[in-house]
Structure formats: structure tokens, C-alpha cells
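1. Return atomic coordinates for the entry below.
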Amino acid sequence: MSRYLKIVALYVRLGILNELEYRANFFVQLFQSVLSLLLSLGGLSVIFSHTGTLNGWTQSELLAVAGVYFIIGGIIRLVIEPSLWRLMQDVREGTLDFKLLKPVDAQVLVSVNQVQMWKLIDIVMGLGVLAVVFAQPQMQTDPLRALFFVLALLCGGVIVYSFYLMLATISFWFVKVDNILVVFESMYEAGRYPVGIYPGWLRFTLTFLVPVAFAVTIPAEALTGRLSAEMLALGGGLALLLAVVSRLFWLYGVRNYTGASA
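-> Next up, the predicted model:
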């Protein structure tokens, strides 16, 4: 385990060094993140200028959803998305061979080989939004809710990672699958609001086909006291199932990879 932690730390360090070569990216990312946050807050302001609740969610609770949305989005764009984009590129160019030949688990290498450190801004902003929300007296949380939130966040992270890994593994058979990740990124935008506000067909899609609900809505429900232990257990079971399925699918894909010598 310590060996893999050292590998992860090395890739994080390399990612930081690469990003520091282009420090203007920090200001670009800061501008994008602030603009995205302002648009989210502006949308909520418009909605609650006409109603007191949205499908039972108050304005403060929807701000908590927005905070979780930024945290998970930051994690995805920090390491998951850029690393798996790089995996698809390596498969197309045949350069995945260099990772497969190393004496460590190749899945670990492809999962952390690209780190975009400035995406930490989204995570920090999401935490800031949650801090502001739960500083309000009517939104005080308790240790059990905090525990449920951490567990739900971990489950959501595993589910999203496994989903991304399976999509990227498809590149072993198809030359160009980048657009699939673009579609997921577009659908993730729906996570700005609880999936319960959407029509039934879209709610099903965002829960079981594209795991936006488990990534954003369920952790937010944990913070606001809406999440039941049964739903948390379902999320944990789904996270374990997808982790196993994505691992097996990855191993199957590697066996079908012909490499640069094909």
C-alpha cells in the first residue's frame, strides 16, 4: 500500500510542477469557477424569487446541493477526468504499453497519471459554500449527519470513478470515444439541483444510468438530514458493485489491447 501511495504522491507532485509552468491558468480557472458559482447562485435567486421551496427543498438546502456539486465536480476534473482522457489517448497512440510494462498495477497508474491542481479551486469554493450554509442557525448539522455525508461522498466518488473507468475502457475496442465523456460532463450539469425535481424518466437516468444522484444529491441529502440509512446502504452496495465490475472490465480490456506493435 505504501508503494502505491508513493506513486500517487509522485504523480501529484508532477502535476503540480506541470501546472506551475503556466501560472496564468490559475487566474483562468479562478475566473471560470467564480463565474460558474455566480450563475448557480443567480439561478437559485431567480427560482426563490417566485417560490419558497422547490420540491420541498429550501433555498439553504439547495445551496448545500450546489456546494456538493462543486466539490464532486472539482474532484472529477482534478484527477479522474484528465487521467482517463489521457488513458484514451494512450490507447489510440499505443503508448499505454509503457504503463502496462511497469511492475505495478496499471489501473493505478492510468487513474492518477494526470493531475490538474488548479481544479482544487472548485473544491475549496464548494467547501466555502457549505461553510456559509451551515453557519446559519436553522442549518446546524450533527455528527451523524456529518458521518453520513462523508460516507455518501466516498460512495459517490467510487461510483463516478468506476463509471468513468468503464467508459474509458471502451477505447480498447473503439478508436474515438471522447464524446461519451463529453455527454457525461453535460449531464453532470443537471446535478446543480436535486434529481427529485426532474421528470421520472430523467430522474431514473440520472440515478441509475448516469450516477449524478449518487454523486451529488445523496451526499446533499445526508447533510440536510433527508438521507435514510437504507439509501446510504444502497449507495455503498452500488459503489462496491461498480468498483468490482469496472475492475473486471478493465482487466478484460487490457487483455484485448494490442499495443503499439499491432
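2. So, low pLDDT: which residues of the stretch 51-200 of the chain?
-> Residue ranges of the stretch 51-200 of the chain with pLDDT under 70: 137-138.
3. please redo it, this time with the cut-off set to 80
-> Regions of the stretch 51-200 of the chain meeting the criterion pLDDT under 80 cover residues 52, 136-142, 175-187.
4. any chance you could map the helices in it?
-> 59-75, 81-93, 97-100, 106-112, 120-133, 143-169, 178-188, 200-204 (DSSP state H, counting those that start in this stretch).
5. Take those helices and lay them out in TSV including distance to Ile7 and mean neighbour count.
-> C-betas here are computed from N, CA, C, even on glycine. What follows is those, written out as TSV (distance: least, C-beta to C-beta, whole Å; neighbours: other C-beta atoms under 10 Å):
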stretch	distance to Ile7	mean neighbour count
helix 59-75	19	23
helix 81-93	13	19
helix 97-100	11	15
helix 106-112	6	20
helix 120-133	20	18
helix 143-169	17	20
helix 178-188	24	14
helix 200-204	39	12
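6. so how far is stretch 29-44 from its chain's centroid?
-> On the basis of C-alpha atoms, centre = their mean, to the nearest Å, stretch 29-44 sits 18 Å off its chain's mean C-alpha point.
7. Which residues does it contact?
-> Residues from elsewhere that reach stretch 29-44, judged by C-beta atoms under 8 Å, 6 or more residues apart in numbering: 59, 62-63, 66, 69-70, 118-119, 121-122, 125, 129, 192.
8. thinking again about what came up before, out of the helices of the stretch 51-200 of the chain, the one nearest Phe27 is which?
-> helix 120-133 (10.2 Å; C-beta to C-beta).
9. residue nearest the centroid of this structure?
-> Ile76 (3.7 Å; C-alpha atoms, centre = their mean).
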